[in-house]
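Undergrad: Can you look at this prediction? I've put the sequence above it.
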Amino acid sequence: MSAVLPVQTDEIVSYNPATGAEVGRVTQTSDEEVTAAVERGRVAFQSWKQTSFRERTACIMRAREVLLADKETIVRLISDESGKPVAEAFSMEIAPVLDLMQYFARNTEKLLKPHKIGIGIYGLMGRASKIVYHPLGVVGIIPAWNYPFSIPLGEAVMALMAGNTVVIKPSELTPMIGLKIGEIFEKAGLPENCVQIVSGGGATGAALVEATPDKIMFTGSVATGKKIAAAAAKNLTSVVLELGGKDPMIVFADANLELAAGAAVWGAFCNAGQSCSSVERLYVQEGAAEELTRKIIEKTRQLQQDTGDKETTSIGAMSSERQIQIVEDHVEDFRAAGAKIETGGRRNPALEGLFYEPTVITGAHNDMRAMQEETFGPTLPISTFTTEEEAIRLANDSEFGLTASVWTRDRAKGKRVAEKIEAGSVCINEVLYTHGIGQTPWGGFKNSGRGRTHGREGLMELVQPQHIHTNKLALMPDAWWMPYSATAVETFRKMTTTFASGSIIKTTMLLPQLAKRVRELLKR
Ligand code: NAD
């Protein structure tokens with residue numbers, strides 16, 4: 001069996017990676033049809049952008065009801081097409097996206113409310129500045145396969161609430177889930193062409209970029225992110241890139257080791273380790289290493305690995321043969337470099353699909369290749385440190401910077417260390433889950449990405465701010481207008497030390513010179 005999908009014909013066949021069974025077939029969208037979809041989205045945008053927040057909220061809340069009513073079927077589909085346990089389809093896809101939907105449906109108007117900006121001395125001159133937000137147009141969404149439902153749906157909801165229309169190109173590994181997202185909006189009665197789904201692999205994604213949407217929201221690997229950024233640059237299309245991670249978990253000796261062990265197991269193995277924010281490196285302080293490692297191994301051995309449809313399954317299948325081979329390669333790299341495989345370290349011999357056993361590795365070091373490259377699988381390499389400075393240095397020794405966690409009972413130390421970690425989100429005594437908090441920004445430092453999704457910062461990616469500046473006392477010319485003269489230059493010279501200082505007292509010293517200059521202008 002193989003879950004590596006052929007995209008050579010006009011049909012994509014979707015397989016269950018746990019059983020090899022066919023999940024469905026989807027017709028591949030041609031490049032011309034992708035361009036036409038973006039054009040239709042532009043037309044639909046002209047009406048959608050005129051809708052009130054109240055109308056948009058009603059649409060998203062209806063879509064939410066459709067999703068709730070159909071959730072059991074959707075959970076099965078997510079589990080079948082991606083291999084993840086139904087438990088995680090509920091906890092990591094359905095529940096967080098339902099929360100995101102209600103949050104942005106209810107709060108986007110407030111988050112995008114026009115607001116005044118303080119402009120200091122210009123304000124005393126009768127000027128006022130206000131910011132209003134305009135939607136961008138058509139937003140192209142190109143997601144990965146690992147959270148195939150919640151990531152594109154959440155981004156679509158935010159884009160729509162901001163007044164944009166959307167074209168989604170789902171991953172070729174999860175095309176049926178992509179179609180399901182389109183169906184939800186259709187059933188909710190969203191106006192035609194506000195959400196369109198185009199199906200295909202990388203070439204179809206590239207066609208979407210070439211079709212010049214007004215923004216690209218991309219989730220995937222660094223390599224593809226670079227290609228998309230380069231292609232988008234040709235048309236100055238702006239891009240948000242949500243890329244890979246190699247996320248560190250730092251456990252100090254004073255941490256609650258029982259909790260830290262449970263968090264490490266969930267953080268490393270949920271979604272079979274295929275989360276951008278998976279714990280991919282664990283650094284434990286000498287003194288606590290033995291106890292923490294023992295607890296982690298014990299907890300790992302208790303996990304049930306099986307097909308995703310069983311409610312007691314904690315670890316499902318991986319999504320593709322290509323991905324499982326990367327995991328095998330990295331585990332071999334650890335072995336060859338002298339690290340010890342404490343448990344796991346192989347495909348599960350009792351199961352037929354793409355199952356890799358949850359694997360705990362000790363004696364890992366940052367100079368091992370598998371401690372630098374993203375694994376994206378169920379491995380938990382453990383390394384040790386002695387001082388706080390060393391922990392920070394080891395955590396930051398990576399091209400990635402998506403998320404990180406710090407475990408300690410000393411809150412001041414936790415905060416101090418967190419702020420020194422180069423990552424977009426850092427948790428103290430928590431791990432991985434903040435993508436599920438739609439209110440908070442999500443995105444990476446370094447090669448983990450550019451821009452943000454979620455939160456107010458994510459919404460700002462989906463609008464363009466417009467500055468409206470008003471002169472409420474438009475009775476006389478401004479001193480800096482033409483024609484220039486010796487009086488003008490003297491006024492501007494004095495402005496540098498008075499007006500430009502931001503001090504009202506100093507600026508009053510400029511008033512006689514300003515009056516002279518304005519009189520001069522009025523005479524001309
Ligand atoms: P990928 O880069 O192979 O593919 C991602 C998407 O891009 C797919 O839909 C694919 O069809 C499309 N694509 C491929 N080539 C393209 C091209 N030239 N132009 C346009 N589109 C193209 O990534 P993947 O294997 O699907 O996902 C795994 C990666 O995603 C991991 O690195 C993971 O860390 C990352 N990820 C990041 C986040 C985040 O929020 N930072 C979330 C989930 C996954």
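TA: All right, it came through fine. Residues are numbered from 1 along each chain as shown.
Undergrad: if I look at the residue in the stretch 51-200 of the chain positioned nearest to the ligand, how far off is residue 205?
TA: Proximity of the stretch 51-200 of the chain to the ligand (CB to the nearest ligand atom) peaks at residue 144, 3.1 Å away. All C-beta spots, glycine's among them, are computed from the backbone N, C-alpha and C. Going from residue 144 to residue 205 by CB to CB, to the nearest Å gives 11 Å.
Undergrad: Then residue 400?
TA: Taking CB to CB as the measure, residue 400 falls 22 Å from residue 205.
Undergrad: For the residue of the chain found nearest the ligand, give me its contacts.
TA: Using CB to the nearest ligand atom, the closest approach of the chain to the ligand is made by residue 205 at 2.2 Å. Residue 205 makes contact with 142, 169, 224, 228 under the criterion CB atoms under 8 Å, 6 or more residues apart in numbering.
Undergrad: Which single one of those is nearest to residue 44?
TA: Nearest to residue 44 out of those is residue 169 (CB to CB; 17.3 Å).
Undergrad: Buried residues in stretch 506-521, which are they?
TA: Neighbour-count burial for stretch 506-521, counted by 16 or more other CB atoms under 10 Å, picks out 507, 510, 513-514, 517-518, 520-521.
Undergrad: if you average pLDDT over that stretch, what comes out?
TA: For stretch 506-521, the mean pLDDT works out to 95.
Undergrad: In CSV, list the C-alpha atoms belonging to it.
TA: Output in CSV follows, covering the C-alpha atoms of stretch 506-521 (Å, rounded to 0.1, in the frame of the first residue of the first chain):
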residue,chain,number,x,y,z
LYS,A,506,9.6,74.5,23.0
THR,A,507,7.1,74.7,20.2
THR,A,508,5.5,77.8,21.6
MET,A,509,8.9,79.5,21.2
LEU,A,510,8.4,78.9,17.4
LEU,A,511,5.1,80.8,17.2
PRO,A,512,6.5,84.3,16.3
GLN,A,513,8.6,82.8,13.5
LEU,A,514,5.6,80.7,12.3
ALA,A,515,3.4,83.7,12.3
LYS,A,516,6.0,85.6,10.2
ARG,A,517,6.2,82.8,7.7
VAL,A,518,2.4,82.4,7.3
ARG,A,519,2.1,86.2,6.9
GLU,A,520,4.7,85.9,4.1
LEU,A,521,2.7,83.1,2.4
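Undergrad: Tell me the residues on the chain that lie near the ligand, please.
TA: The chain has residues 142-147, 169, 171-172, 201-202, 205-206, 209, 219-221, 224, 227-228, 242-245, 276, 374, 376, 402, 444, 449 near the ligand, with proximity defined as CB under 6 Å from any ligand atom.
Undergrad: Going through those residues, which ones are buried?
TA: The neighbour-count test (16+ other CB under 10 Å) marks 142-147, 169, 171-172, 201-202, 205-206, 209, 219-220, 224, 227-228, 242-245, 276, 374, 376, 402, 444, 449 as buried among these.
Undergrad: wait, what's in contact with the nearest residue to residue 397 once chain neighbours are set aside?
TA: Once flanking residues are discounted, residue 397 sits nearest to residue 366: 5.1 Å by CB to CB, 6 or more residues apart in numbering. Taking CB under 8 Å, 6+ apart as the criterion, residue 366 is in contact with 281, 372, 383, 394, 397.
Undergrad: residue contacts, residue 275?
TA: Here residue 275 is in contact with 146-147, 432 (CB under 8 Å, 6+ apart).
Undergrad: what about it, is that helix, strand or coil?
TA: Classification of residue 275 by DSSP: H, G, I helix; E, B strand; the rest coil places it in coil.
Undergrad: What does it show for phi and psi?
TA: Dihedral pair for residue 275: phi -120, psi 140, per degrees, to the nearest 10.
Undergrad: Which ones among the contacts of residue 366 map onto strands?
TA: Among the contacts of residue 366, the ones falling in strands (DSSP state E) are 281, 383.
Undergrad: Go ahead and confirm residue 492 touches residue 480.
TA: Yes - between residue 492 and residue 480 there is a contact at 7.0 Å, judged by CB atoms under 8 Å.
Undergrad: Looking at these two now, which is surrounded by more residues?
TA: Taking neighbours as other CB atoms under 10 Å, residue 492 and residue 480 compare with residue 492 leading, 16 against 12.
Undergrad: Next, count neighbours for residue 411.
TA: 10.
Undergrad: ok, and the closest non-adjacent residue to it?
TA: residue 428 (7.3 Å).
Undergrad: Can you spell out the domain ranges of this protein, please?
TA: Per the record's domain assignment (automatic domain parsing), the chain is made up of the domains 3-8+23-243+456-465, 247-438, 476-523.
Undergrad: Residue 16: which of the ones you listed is closest?
TA: Short answer: domain 3-8+23-243+456-465, nearest of the domains of the chain by CB to CB, at 4.8 Å.
Undergrad: so where do the strands sit in the stretch 201-350 of the chain?
TA: Along the stretch 201-350 of the chain, the segments classed as strands by DSSP state E, counting those that start in this stretch run 215-219, 238-242, 247-251, 279-285, 340-343.
Undergrad: any chance of those in a markdown table, with mean pLDDT too?
TA: What follows is the strands of the stretch 201-350 of the chain, written out as a markdown table (pLDDT from 0 to 100):
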| stretch | mean pLDDT |
| --- | --- |
| strand 215-219 | 98 |
| strand 238-242 | 98 |
| strand 247-251 | 98 |
| strand 279-285 | 98 |
| strand 340-343 | 98 |
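Undergrad: Deepest-packed of those, please.
TA: Most buried of those by mean neighbour count (mean count of other CB atoms under 10 Å) is strand 247-251; its value is a mean of 29.
Undergrad: what does that one contact?
TA: With contacts defined as CB under 8 Å, 6+ apart, strand 247-251 is touched by 257, 260, 263-264, 267, 277-285, 288, 292, 385, 391, 394-395, 398, 400, 402-407, 417, 421, 423, 431-432.
Undergrad: Was I right to think residue 374 contacts residue 245?
TA: Yes - with contacts counted by CB under 8 Å, residue 374 reaches residue 245, the gap being 6.5 Å.
Undergrad: where do the contact lists of the two overlap?
TA: Common neighbours of residue 374 and residue 245 (criterion: CB under 8 Å, 6+ apart): 280, 400.
Undergrad: tell me how far stretch 204-216 is from the chain's mean position?
TA: The chain centroid and the centroid of stretch 204-216 are separated by 18 Å under CA atoms, centre = their mean, to the nearest Å.
Undergrad: Extract the C-alpha set from that stretch and format it as PDB.
TA: C-alpha atoms of stretch 204-216 as PDB (Å, rounded to 0.1, in the frame of the first residue of the first chain):
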ATOM      1  CA  THR A 204      -2.000  23.600  -8.600                       C
ATOM      2  CA  GLY A 205      -0.700  25.600  -5.600                       C
ATOM      3  CA  ALA A 206       1.800  27.300  -7.900                       C
ATOM      4  CA  ALA A 207      -1.100  28.100 -10.300                       C
ATOM      5  CA  LEU A 208      -2.900  29.700  -7.500                       C
ATOM      6  CA  VAL A 209       0.100  31.900  -6.700                       C
ATOM      7  CA  GLU A 210       0.400  32.800 -10.400                       C
ATOM      8  CA  ALA A 211      -3.300  33.800 -10.500                       C
ATOM      9  CA  THR A 212      -2.300  36.800  -8.400                       C
ATOM     10  CA  PRO A 213      -4.600  36.600  -5.400                       C
ATOM     11  CA  ASP A 214      -4.300  39.600  -3.100                       C
ATOM     12  CA  LYS A 215      -2.700  37.600  -0.300                       C
ATOM     13  CA  ILE A 216      -1.300  34.100   0.100                       C
END
